[in-house]
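J.: Starting from these lines, generate the structure:
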Amino acid sequence: MKKNIKLLIEKNLNCKAMEISETGSGASSVVFKVTLDDAPYSIAVKVSDCPQLLFDEFKRIKFISSKVNCKLPKLYFVDALEGKAFLGMEWIEGSELSEKMLFLKKNKKKLANEIVDNLLKIHTVKNDKYGPIDNAVYNSWYEYYSRFVKDVADFTAASAVPDIVKKAVELAYEKLYEIIGDDRDNATLIHGDYWFPNFIIDAETMSLKGIIDPFNVMWAEPEYELFALTVGYGKKLHLYEIYKSKVKTSKNCDTKVELYALFNELLWYKTLGKGGFNYLVYRSKRLLKAISH
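T.: Okay, the predicted model is just below:
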């Protein structure tokens, strides 16, 4: 693999890789830090056995970066060799947030505000239609999102998930229009995976250095991705509350966040074909409570 990284760097950047070290891995990719003999002197190279995933990621980063400066890495190349894809991009120095950093470091409020302000910057980009970035043809958010909800609802009804999950999904589908409304003029650019595993943090200053891995990029209503602020470290840093202190949200925002969280988790369950039920039950209970209020 390192041999192919060297070959593609010479081909695409016209310089040589001096040192290559693995820095992390995920379900479908491995990331390397590569030191070069010429500018930009160091880059990140992401390697995947699923070429289309990285070509799509290149397209998503390029699209968002063409619209707004929001701390995404600079792109250098995407290429394929021997059945693998290689995505070369800016190396951003930093790390994921950790419990130790939260416990020892000050400036947590500053970091939280930087994360929210960066999301708000993305949300300044608007469009006149809803849908995927390459096929936004829907006049309203309901028209686009209801198709996804029906697909997940049909899957859930026929699956082995707990009854409380089925109950929450059925009720949400029944009341979908009432909950999300018929928004026709608020199509907003969405990062699609805006949560802490995709934030690069400076451990010393507790500053947001970069964001990575935009996934479900689309033109949606801006509150669609707020549920990502309510989990993990986002919950501990009160990102959702900070967001609502800066923006006037819709009257059903809290209910929508619970709906989006549950249906997004069910999408992963449907896609992977496995997973635990604890989080699904947790979100189902919260959604039922929100709807009842």
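J.: quick one: average pLDDT of stretch 24-36?
T.: Averaging pLDDT along stretch 24-36 gives 88.
J.: part of a helix, is Ala153?
T.: Yes. Assessed with DSSP: H, G, I helix; E, B strand; the rest coil, Ala153 lies in a helix.
J.: Can you tell me what sits against stretch 29-43?
T.: Stretch 29-43 is touched from outside by 1-2, 5, 9, 13-25, 44-48, 53-54, 76, 88-91, with contacts defined as CB atoms under 8 Å, 6 or more residues apart in numbering. All C-beta spots, glycine's among them, are computed from the backbone N, C-alpha and C.
J.: What backbone torsions are found at the residue of the chain most remote from its centre?
T.: Centroid-distance maximum for the chain: Asp37 at 33.1 Å, with CA atoms, centre = their mean. Taking degrees, to the nearest 10, you get phi -90, psi 0 for the backbone angles of Asp37.
J.: how close does it get to Lys16?
T.: Applying CB to CB, to the nearest Å, the value for Asp37 to Lys16 is 5 Å.
J.: Show me where this protein has its strands.
T.: Using DSSP state E, the strands of the chain run over 17-25, 29-36, 42-48, 75-81, 84-90, 126-127, 131-132, 187-190, 199-202, 207-211, 218-220.
J.: Out of the ones you listed, flag the one nearest Val161.
T.: strand 218-220 (24.9 Å; CB to CB).
J.: Rebuild the strands of the chain as a markdown table, extending it with distance to Asn118.
T.: Formatted as a markdown table, those follow (distance: least, CB to CB, whole Å):
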| stretch | distance to Asn118 |
| --- | --- |
| strand 17-25 | 22 |
| strand 29-36 | 21 |
| strand 42-48 | 19 |
| strand 75-81 | 18 |
| strand 84-90 | 16 |
| strand 126-127 | 17 |
| strand 131-132 | 23 |
| strand 187-190 | 13 |
| strand 199-202 | 9 |
| strand 207-211 | 6 |
| strand 218-220 | 17 |
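J.: ranges for the helices of the stretch 51-200 of the chain?
T.: 51-67, 99-104, 108-122, 141-157, 163-174, 176-180 (DSSP state H, counting those that start in this stretch).
J.: tally of neighbours for the nearest residue to Leu54 once chain neighbours are set aside?
T.: In this structure, Leu54 finds its nearest non-sequential neighbour in Ala85, 3.8 Å apart by CB to CB, 6 or more residues apart in numbering. Look at Ala85: counted by other CB atoms under 10 Å, it has 22 neighbours.
J.: who's Ala85 bridged to?
T.: Beta-bridge partners for Ala85, by DSSP bridges, are Ser48, Ala80.
J.: pLDDT wise, what is it at?
T.: Per-residue pLDDT puts Ala85 at 97.
J.: OK, contacts around the nearest residue to Glu57 once chain neighbours are set aside?
T.: Of all residues not flanking Glu57 in the chain, Leu87 sits nearest, at 6.3 Å (CB to CB, 6+ apart). Contacts were defined as CB under 8 Å, 6+ apart; by that measure Leu87 touches Val45, Lys46, Val47, Ser48, Leu54, Glu57, Phe58, Leu75, Phe77, Val78.
J.: can you tell me which residues contact Asn113?
T.: Here Asn113 is in contact with Ile242 (criterion: CB under 8 Å, 6+ apart).
J.: hmm, I was thinking of Leu176
T.: Leu176 touches Tyr142, Ser146, Val149, Leu259, counting by CB under 8 Å, 6+ apart.
J.: rewinding a little: what separates the residue nearest to Glu57 from Ala112, distance-wise?
T.: 29 Å.
J.: circling back to that earlier point, most neighbours, which of the contacts of Leu176?
T.: Leu259 (29 neighbours).
J.: okay if I get the contacts of Leu176 as CSV plus pLDDT?
T.: Output for the contacts of Leu176, formatted as CSV (pLDDT from 0 to 100):
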residue, pLDDT
Tyr142, 97
Ser146, 96
Val149, 96
Leu259, 97
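J.: any chance of those residues in a markdown table, with distance to Ser284 too?
T.: Formatted as a markdown table, the contacts of Leu176 follow (distance: CB to CB, whole Å):
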| residue | distance to Ser284 |
| --- | --- |
| Tyr142 | 22 |
| Ser146 | 20 |
| Val149 | 15 |
| Leu259 | 11 |
